[in-house]
Each structure stands twice: as C-alpha cells, then as structure tokens.
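Q: With the input below, show me the fold.
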Amino acid sequence: MSHELVIRSDNAQVAIAILKDKLLTELHREKTERGFAVGDVYLARVRKVAPGLNAAFVDVGHEKDAFLHYFDLGPQYRNSYKYTKGAVNGSVKDSLLEDWTLETDIDKGGKIADVVSASQNVLVQIAKEPISTKGPRLTAEVTLPGRYMVLVPFTNKVSISSRIKDEEERDRLKRLMRSIKPSNFGLIIRTNAEHKQVAELDADLKALLGRWDTCYRNLRNARAPKRVLGEIDRTSAVLRDVLNKDFSTIHVDDDQLAEEVREFLEKHAPDKKDIVKVFKGKGGIFDAFGINKQIKQAFGRQVSLPSGASLVIEKTEAMHVVDVNSGSRKGGQKDQEQNALEINIETAQEIARLLRLRDMGGIIAVDFIDLYSAENRRALHKAFK
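A: Got it, this is the predicted structure:
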C-alpha cells in the first residue's frame, strides 16, 4: 500500500491530505492566522461553575466562553492547579517536578463544584476548536506530544502503544524510558518509537521537557487569560503524528513550504528528507491528485459505494445518523443474506474512513441492512472493530 502526503498552500490556509493507494483517508486544514488551535495551552480564568452540567465555563480570551467538563479535568487536577498557582506567584521555582509531592487523584465520579470555583486560574489545553456559536472545548489534563512519545506531567506511569506487539520491544522501551525520564513525569510511548535508539528517544524527551519549561516561564507573573504555549503548526503536527516508514512521497505546491517540510524532516526523520517533491503541474495540486473530487463525494449528504449501495448521512443536534441504502436485490434468501453482509462490511469500512475524514464525533447511529444469521452479525461486528 502506497502512502502519500499532499499539501496545498494559499494565502488563507494550508490543507493537508493523506492518501493510501490514492484513496483520501484524512484531511487537515490550518488557517494561516491561527487562533485557539487544538493543543494550545492557556492560563484561563473560571467564569462560572455549572453544577447541573458538572462543568465550568472558562475565559480563555475567546468571544465565547470555553467549556470544561469534570471528566476533562484529569485525575491529577489537584497537582495541576497547585503547580499553576505556584508558577504564577513565584513559589514554584522551576519546571522540573523532582521534589514535587503528588496530590491524590480527584474522584472519578465527583462533582466539579468540589474542586473548581469561580475566579480561579486554571491551566487548560484546547481539545476542540471553537465552531459556530460555541467556544472552545477544554481539557485540564495538559499533555505535550512529540514524535516518539507524549509527555504527561504529574504522574509516573509509562504506557506503550498497543500497536507495538513485540513483548521484548515493549519491555525494552518501558525499561529504557523509566530509566531516563525525570520523576513525576509520565510518558505515552508512540508507535514510531519502536526499535528507536536511546539517543533519538532521549532527544525527543528533552525537547518535550523544554516545551514544558517554556510553558512554566510564560506562567510566571501571568494574568489570565493568556496563551502560555502554542501547538506547533498543523503541517508539522501532522508530519509528527502520521509520518512513518510507509510514506513514499510528500507533494507540496509551494517552494517555501516545501523547504520548511524538508527542514522538519532533516531534524526529525532525516532518512525521509528526500521524499519531498514540489508540484509544478498545471491546475491545482488537489485536482491533479483527484482529491477535490473525493472531498466532494465524501462530504456530501449521500456517499456512493463501489458496490452500488450508498450511505445517507444526517447530522442532528444530538448525533449523526447513517442510513445504508442497498438498492434492488435479486436472488434467493441465501443470496440476499450474503449480499447484505458484503454491503454491510463495505459500509463499515467506509464509515471508519469517513469518521476520520469528516471529523465526526459524539453519538453515531448506523442503520445497517438486516442480517438474520448470528454468524454474519458477528462477522460484521468483527469487521467494524
């Protein structure tokens, strides 16, 4: 399977498409002028606690209040609040947590009014960008992602990506990272870390600790609301998160952006720096790779499938509803059952792609074609998983 990245740049935004065997699987867009981007860290002020919602409305500087639910405080919230307060007033002297005494975790099923009050300063991270009439969605469990790992302050847990299957490699990574990480910082080891040498992993860890130190320095004497740490630009973030050995080419339609991508690769994946190609063809780069056509097909209300069936996707205030239209069928009961299974499996695979492509979240209901065989229903469930 071939993996390609196609990057289109203009004055308003950068659009990044991920293709697998020429099929569009992910689409990311970044405005040239960024504001309240996912991953940005803010010193914010709690404006109002809403016990009925078990949430708080928080001022991060956006015209609409941001939303922080109790479940998004994170178990280490007491540590985060204490650290933030100390960093602002100067009682916390540095960003490292070697002498930090960890507070007990907050109750998983607790009430926000027991731990958060109006006018408090809180350290939060943008989890979902503002849309329409809604402000940003927040998390108080700040994490800093790198190429090989994610830094999680106020815990000592080291977790390994489930995609790393080799038990010896999992044990090696866990032992290694426990030996080099500072106290009271946890790590989530990403798939890209598999078989990496200690020097590469240590460099990534030090870079993340450097970002945490930048956050600390920006907190000193700060007044909320203030952005204290910005996520890297979306292009670099996508490269960091998805780039692996399977990618064969990165196509870019802008010389300057192509050079920036090469510089990123030179630093983080030097063996990949030569896969960057500048598009010089006629017309737009997305047209040349058939991406605009795929976007039109994938983002419409009705999505056609190769079998001739189609999906109808409706978005309501509370959920997404997907209806599977099979069209007319011929043949006996056995033929209909087998045909229904094949279409349902095809539908499941397409829905999995569309979830990422359309960034669909929340409750999603799918009305599959009826299957009468328990074995076939299990086969569909397995395919969907």
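
Q: following the helix or strand in which residue 178 is found, which helix or strand comes up?
A: Taking DSSP states H and E as the criterion, the element that holds residue 178 is helix 167-180. Next helix or strand after helix 167-180 toward the C-terminus (DSSP H and E): strand 185-189.

Q: Spell out the secondary structure type for the closest residue to residue 4 other than its chain neighbours.
A: Leaving aside its chain neighbours, residue 4 sits nearest to residue 19 (4.5 Å; criterion: Cβ to Cβ, 6 or more residues apart in numbering). Heads up, the C-betas are built off the backbone N, CA and C, glycines and all. Under the three-state scheme (DSSP: H, G, I helix; E, B strand; the rest coil), residue 19 adopts strand.

Q: which residues touch residue 19?
A: 2, 3, 4, 5, 6, 25, 289, 291 (Cβ atoms under 8 Å, 6 or more residues apart in numbering).

Q: for residue 95, same thing?
A: 209, 212, 213, 215, 216, 217.

Q: Likewise for residue 45?
A: With the criterion set at Cβ under 8 Å, 6+ apart, residue 45 makes contact with 58, 59, 119, 120, 121, 122, 224, 225.

Q: Quick one: which of these is the most crowded by neighbours?
A: In terms of neighbours by other Cβ atoms under 10 Å, the contacts of residue 45 top out with residue 58 at 27 neighbours.

Q: Surely that one is within a strand?
A: Yes. Secondary structure of residue 58, determined by three-state DSSP: located in a strand.

Q: Got the confidence number for it?
A: Per-residue pLDDT puts residue 58 at 98.

Q: Equivalent analysis for residue 363, please.
A: 91.

Q: If we ignore the residues flanking it in sequence, what's nearest it?
A: residue 319 (3.8 Å).

Q: Quick check: the gap between the one you found and residue 137.
A: Relative to residue 137, residue 319 is positioned 17 Å away (Cβ to Cβ, to the nearest Å).

Q: When these two are compared, which one has more neighbours?
A: residue 137 (17 against 12).

Q: quick one: contacts for the more buried one?
A: For residue 137, the contacting residues are 66, 67, 72, 126, 127, 128, by Cβ under 8 Å, 6+ apart.

Q: What segments of the chain are helices?
A: For the chain, applying DSSP state H gives helices covering 77-89, 167-180, 198-219, 234-242, 255-268, 285-288, 291-298, 333-357, 374-384.

Q: roughly how far is the shortest one from the heart of the chain?
A: How far helix 285-288 lies from its chain's middle: 26 Å, per Cα atoms, centre = their mean, to the nearest Å.

Q: if we can go back for a sec, tell me which of the contacts of residue 137 fall in strands.
A: 66, 67, 126, 127, 128 (DSSP state E).

Q: Can you tell me which of the contacts of residue 45 comes closest to residue 31?
A: Nearest to residue 31 out of these is residue 225 (Cβ to Cβ; 20.1 Å).

Q: Low-confidence ranges, the stretch 101-250 of the chain, go.
A: Scanning the stretch 101-250 of the chain for pLDDT under 70 picks out 234.

Q: Looks like the residue nearest to residue 363 contacts residue 364 (just checking).
A: Yes. At 6.6 Å, residue 319 and residue 364 qualify as touching, with contact defined as Cβ atoms under 8 Å.

Q: Counting neighbours, which of the contacts of residue 137 comes out on top?
A: Neighbour-wise, the contacts of residue 137 (other Cβ under 10 Å) top out at residue 66, 26 neighbours.

Q: Show me what that residue is bridged to.
A: Using DSSP bridges, the bridge partners assigned to residue 66 are residue 58.

Q: Now the helix holding residue 178 - C-alpha only, CSV.
A: Extracted in CSV, the C-alpha atoms of helix 167-180 (Å, rounded to 0.1, in the frame of the first residue of the first chain):
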residue,chain,number,x,y,z
GLU,A,167,6.7,-8.1,24.0
GLU,A,168,10.5,-7.8,24.2
GLU,A,169,10.4,-4.4,22.5
ARG,A,170,7.6,-3.2,24.8
ASP,A,171,9.7,-4.3,27.8
ARG,A,172,12.8,-2.6,26.3
LEU,A,173,11.0,0.7,25.8
LYS,A,174,9.4,0.7,29.2
ARG,A,175,12.7,-0.1,31.0
LEU,A,176,14.6,2.5,28.9
MET,A,177,12.1,5.3,29.4
ARG,A,178,11.7,4.7,33.1
SER,A,179,15.5,5.0,33.4
ILE,A,180,15.8,8.3,31.6
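
Q: And that helix, how far out from the chain middle?
A: 25 Å.

Q: Equivalent analysis for stretch 353-367, please.
A: With Cα atoms, centre = their mean, you get 15 Å for stretch 353-367.

Q: Quick one: residues contacting residue 81.
A: Here residue 81 is in contact with 115, 120, 122, 123 (Cβ under 8 Å, 6+ apart).

Q: Mind picking the one among those that's closest to residue 193?
A: Checking the contacts of residue 81 one by one against residue 193 (Cβ to Cβ), the nearest turns out to be residue 123, at 26.7 Å.
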